[in-house]
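Engineer: Compute the structure for the input listed below.
(one chain, ligands or ions: 1)
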Amino acid sequence: MTTDLRQVHPSEWDSWYGKLLSAFAEPETPEERAVSRDLTELDRTLGLWEDGDPVATAGLFSFRMTVPGGAAVPTAGVTMVSVAPTHRRRGVLRSMMRRQLDDVRAAGAEPLAALTASEPAIYSRFGYGLATRELLADIDTSRVALTVPEGADAVRLRLVEDPASVLDVCESVYARVVPTRPGMLARRPGWEHRMVLDPERKREGAAPLRCVLAERDGETVGYARYAVKPGWSDREVPRGAVLLRDLEALDEAAYGALWRFLFDIDLAPSLRLDGRPVDDPWQHMVSDIRRCGMFTNDGLFLRPVDVGAALAARTYAAPVDVVFGVEDGFCAWNTGRWRLSGDPKGAVCERTRDPADLTLSVRELGEVYLGGTSLSALARAGRVREERPERGALREAAVAFLSETAPWLPHGF
Ligand SMILES: CC(=O)SCCNC(=O)CCNC(=O)[C@H](O)C(C)(C)COP(=O)(O)OP(=O)(O)OC[C@H]1O[C@@H](n2cnc3c(N)ncnc32)[C@H](O)[C@@H]1OP(=O)(O)O
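Structural biologist: Down below sits the predicted model:
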């Protein structure tokens with residue numbers, strides 16, 4: 001028997017991808033498959049081949065991620081990870097994680113790696129920390145009133161039956177929003193097609209996806225993609241639901257106009273949100289937060305591949321000068337003491353022999369990196385140790401790391 005962990009040849013993509021789908025037990029339409037094929041970066045794929053057959057898959061996407069301060073930092077997006085049921089729990093995933101991170105480090109271009117997890121328990125052992133959360137909600141729009149910002153009445157809404165026909169304008173709105181929120185991804189051309197895939201099996205009984213454009217003076221200033229799921233009670237009372245896929249807007253008025261539209265769709269007294277930013281402003285526009293049925297879930301998991309370059313790539317909300325004692329059990333090159341000196345304009349992060357102020361693992365650094373989780377909260381959870389409390393480094397760093405805007409990943413990958 002021969003086994004070989006290596007890059008996928010173009011002619012092997014079909015069988016490699018088939019193995020991935022079978023690990024998830026999820027069929028795909030030819031259209032979905034074509035988009036996946038188009039987005040696959042073949043030179044960044046890995047397959048474990050056993051006697052010529054793929055038994056495990058993994059890939060990387062080349063993203064640029066917005067970080068606090070607005071820089072777009074090259075980020076390796078870990079994706080398409082699977083191991084055949086016959087080969088699980090013998091270290092295959094571990095070997096692929098090893099290869100990926102070694103490759104990313106050797107290339108030297110991406111200080112960060114990121115992923116969304118099928119199961120959140122898997123990736124912390126490889127140094128990935130939960131860096132963004134997402135808000136889910138089921139809003140009773142028959143009872144919850146919405147007060148929208150000034151200017152919403154001047155926004156023209158245009159309904160588009162086929163969202164694919166307005167992909168370009170939506171994508172240009174999206175591209176303008178990306179630098180404004182940590183965690184958002186600048187993506188290569190082609191990704192926009194994935195945003196309007198609408199296979200029947202994922203509709204949950206809803207009508208096809210629609211798009212509504214927000215326009216002002218002939219310019220598109222926002223969009224929402226959604227589907228309406230019809231429903232009636234046994235007494236003929238409307239019980240439909242609006243399922244929001246995504247929504248982006250360039251200003252408050254366009255944002256307000258789009259949310260008002262979603263709240264007001266007839267026959268659908270429920271609005272379901274499936275992965276919004278935790279600081280989404282609609283929460284401050286509603287009359288009754290209790291009837292909004294909210295909860296949060298995990299979003300993006302982040303791992304500094306190069307601690308020094310990663311910490312120097314973002315800015316900090318307040319001046320900070322601290323020494324981190326970092327433990328990295330999976331990428332030992334990061335282990336050691338790092339002095340971070342930064343402020344709202346920029347930062348330097350270098351190795352130092354000075355004693356540590358704060359001791360943590362690389363996973364905690366990934367968790368606080370985008371500014372959505374407080375170092376103080378992690379310290380209270382016993383995951384960050386302040387070595388010399390009299391110096392006040394924990395408070396200083398906790399304030400400096402936080403982001404004014406909650407980090408958010410708008411879509412999986
Ligand atoms: C980024 C993405 O693409 S997410 C998609 C991940 N893929 C899937 O969920 C598809 C279905 N599942 C699978 O294909 C496999 O079970 C995988 C990829 C999750 C795990 O692959 P395996 O080869 O079995 O993992 P491996 O044997 O290398 O285990 C490494 C470690 O992870 C742990 N682990 C593996 N799977 C899981 C899990 N589902 N939950 C919790 N821990 C897990 C193992 O116990 C082991 O722990 P250790 O460090 O204490 O020894």
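
Engineer: Look up the closest residue to the residue in the stretch 201-350 of the chain positioned nearest to the ligand, ignoring the ones flanking it.
Structural biologist: Nearest residue of the stretch 201-350 of the chain to the ligand: Phe301, at 8.3 Å (C-beta to the nearest ligand atom). For glycine as for every other residue, the C-beta is placed from the backbone atoms N, C-alpha and C. Residue nearest to Phe301 in three dimensions, not counting chain neighbours: Tyr128, with 4.0 Å by C-beta to C-beta, 6 or more residues apart in numbering.

Engineer: One more: Met1?
Structural biologist: Excluding its sequence neighbours, the residue lying closest to Met1 (C-beta to C-beta, 6+ apart) is Asp51, at 5.8 Å.

Engineer: Show me which residues of this structure are close to the ligand?
Structural biologist: 23-24, 78-83, 88-94, 115, 117-119, 121-122, 125 (C-beta under 6 Å from any ligand atom).

Engineer: check contacts around the residue nearest to Phe301.
Structural biologist: When contacts are counted by C-beta atoms under 8 Å, 6 or more residues apart in numbering, Tyr128 touches 113-115, 117, 301-303, 363, 366.

Engineer: List the buried residues of the lengthiest strand in the chain.
Structural biologist: In the chain, taking DSSP state E as the definition, the longest strand is strand 53-66. By neighbour count on 16 or more other C-beta atoms under 10 Å, the buried set for strand 53-66 is 54-61, 63-66.

Engineer: what packs against it?
Structural biologist: Where contact means 3 or more C-beta pairs under 8 Å, 6 or more residues apart in numbering; DSSP states H and E, strand 53-66 is packed against helix 13-24, strand 45-50, strand 72-83, helix 92-107, strand 112-115, strand 185-186.

Engineer: coming back round to it: and the buried residues of strand 53-66, which is closest to Arg105?
Structural biologist: Leu60 (12.5 Å; C-beta to C-beta).

Engineer: Any idea what the closest one is bridged to?
Structural biologist: Val78 (DSSP bridges).

Engineer: thought it was touching Leu101?
Structural biologist: No: between Leu60 and Leu101 there is no contact under C-beta atoms under 8 Å: 10.2 Å.

Engineer: most remote residue from this structure's center?
Structural biologist: The outermost residue of the chain, judged against the average C-alpha position, is Arg235 (41.6 Å), by C-alpha atoms, centre = their mean.

Engineer: Kindly indicate whether it is helix, strand or coil.
Structural biologist: coil (DSSP: H, G, I helix; E, B strand; the rest coil).

Engineer: thinking again about what came up before, pLDDT score for the residue nearest to Phe301?
Structural biologist: Tyr128 carries a pLDDT value of 98.

Engineer: Please tell me how far it sits from Gly412.
Structural biologist: Between Tyr128 and Gly412 the distance, using C-beta to C-beta, to the nearest Å, works out to 15 Å.

Engineer: and if you look at Ala310?
Structural biologist: According to C-beta to C-beta, Ala310 and Gly412 sit 22 Å apart.

Engineer: got it, and Asp102?
Structural biologist: In terms of C-beta to C-beta, Asp102 sits 25 Å off from Gly412.

Engineer: again, but for Glu386
Structural biologist: Glu386 sits 35 Å away from Gly412, taking C-beta to C-beta as the criterion.

Engineer: More neighbours: those two, which one.
Structural biologist: A count of neighbours by other C-beta atoms under 10 Å puts Glu386 above the other of Glu386 and Gly412, at 20 against 14.

Engineer: sorry, back to before: pick out the one among the contacts of Tyr128 with the largest number of neighbours.
Structural biologist: So for the contacts of Tyr128 (other C-beta under 10 Å), the most neighbours sit at Arg303, 33 neighbours.

Engineer: Show me what it is bridged to.
Structural biologist: Following DSSP bridges, Arg303 is listed with bridge partners Ala113.

Engineer: May I have the residues that are in contact with it?
Structural biologist: Counting by C-beta under 8 Å, 6+ apart, Arg303 touches 101, 112-114, 126-129, 362-363, 366.

Engineer: go again using 6 Å as the cut-off
Structural biologist: 113, 127-128, 366 (C-beta atoms under 6 Å, 6 or more residues apart in numbering).

Engineer: between the residues you listed, which is closest to the ligand?
Structural biologist: Among these, Tyr128 lies closest to the ligand (C-beta to the nearest ligand atom), at 9.2 Å.

Engineer: Which residue ranges make up each domain of the protein?
Structural biologist: By the assignment in automatic domain parsing, the chain contains the domains 3-110, 134-298, 302-401.

Engineer: Out of those domains, which is the most enclosed?
Structural biologist: Of all the domains of the chain, domain 302-401 has the most neighbours on average by mean count of other C-beta atoms under 10 Å, namely a mean of 19.

Engineer: what ranges do the strands span in the stretch 151-300 of the chain?
Structural biologist: With DSSP state E, counting those that start in this stretch as the criterion, the stretch 151-300 of the chain has strands at 156-160, 185-186, 210-216, 219-229, 241-249, 270-276, 295-298.

Engineer: can you list the residues that contact the second one?
Structural biologist: This points to strand 185-186. Contacts for strand 185-186 (C-beta under 6 Å, 6+ apart): 63-65, 72, 178.

Engineer: So for it, mean pLDDT?
Structural biologist: The model assigns strand 185-186 a mean pLDDT of 95.

Engineer: and the end-to-end length of stretch 199-214?
Structural biologist: Stretch 199-214 has an end-to-end distance of 25 Å (C-alpha to C-alpha, to the nearest Å).

Engineer: who touches Gly127 in this structure?
Structural biologist: Gly127 neighbours (C-beta under 6 Å, 6+ apart): 303, 330, 362-363.

Engineer: Quick one: those as TSV, columns for distance to Pro199, secondary structure and pLDDT too.
Structural biologist: Converted to TSV, the contacts of Gly127 look like this (distance: C-beta to C-beta, whole Å; DSSP: H, G, I helix; E, B strand; the rest coil; pLDDT from 0 to 100):
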residue	distance to Pro199	secondary structure	pLDDT
Arg303	31	strand	98
Phe330	36	coil	98
Val362	38	helix	98
Arg363	35	helix	98
